[in-house]
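Visitor: Quick one, fold the following:
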Amino acid sequence: MKNLTASLTAFWMLAAAPLWAQSSPVVVELFTSQGCSSCPPADAMLHKLAERDDVIALALHVDYWDYIGWKDEFAVAAYTDRQRGYARAKGQRTIYTPQMVINGQDDVVGARPMEVSELIHRHHSHAPKVALDIKRVGGAIEISAQVLESAGPMSVQMVRYTPSSEVAITRGENRGQTLNYANVTDDWTELTQWDGAEPLLITAEAAGDQPVVVLVQSVGYGPILAAAQVR
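Guide: Now for the predicted structure:
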């Protein structure tokens, strides 16, 4: 318990440390499941990450634990496919929960706060390769971007999420628990692919008041080069 308390204290001290100047927050994708008994600590950590302005924290619920007694109501097969895509890109043969992927590049067990914090801090020290700006205009999002450093073919993606959702789980490994999930991803759409030769200026429909995230990612589950959100 002392070691855990010390680790969490150091985690939040590092989280509050001054950051290298950059134009883009760090994206943390948590692959999780309501049917995974190891996931609640990572789900709780995502709440803390979601409070930070320098981080975009996203919960992607996967469906491969649904068979063990509890069907995750947030699970989407496409998020399992995204996790498998990251694994293939890195030459990994297996996927697991809870897994956090940091800026599309580094992955770590989602319940290890110090490792997660160190990776976030490391990514903040990288110079941005893409300048990205988004703004909400009525029921749409205006997106503009410009390459700062050659990055190859890129995918421009839009994400919608629900900031907080509480679920009472009655079966499976987490039965009897009522869990609160942060930034539950509801929709993930590729808007366009972009070669960066010319500045990007597009508009995407985004009705309603849900937060919107836009990502610019190297094609093929590569690094996330820029990200922005409007809440």
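Visitor: Name the next helix or strand downstream of the longest strand along the chain, please.
Guide: Using DSSP state E, we find that the single longest strand of the chain is strand 178-194. Using DSSP states H and E, the next helix or strand after strand 178-194 towards the C-terminus is strand 200-205.
Visitor: so F31 bridges to which residues?
Guide: L60, Q99 (DSSP bridges).
Visitor: from memory it sits against V62, does it?
Guide: Yes: in this structure F31 lies within contact range of V62 using Cβ atoms under 8 Å: 5.5 Å. The way it works is simple: take the backbone N, C-alpha and C, and place the C-beta from them, glycine included.
Visitor: who touches both of those two?
Guide: Y79, Q83, I95, T97 (Cβ atoms under 8 Å, 6 or more residues apart in numbering).
Visitor: Name the nearest residue to D195, sequence neighbours excluded.
Guide: Beyond its immediate neighbours in the sequence, the residue positioned closest to D195 (Cβ to Cβ, 6 or more residues apart in numbering) is P153, lying 5.8 Å away.
Visitor: which residues touch the spatially most central residue of the chain?
Guide: In the chain, the centroid-proximal residue (Cα atoms, centre = their mean) is E29; its distance is 2.7 Å. Listed by Cβ under 8 Å, 6+ apart, the contact set of E29 reads L58, L60, R82, M100, V101, G104.
Visitor: At which residues are the strands of this structure located?
Guide: 26-32, 55-61, 99-102, 106-109, 130-137, 140-147, 154-168, 178-194, 200-205, 212-218, 224-230.
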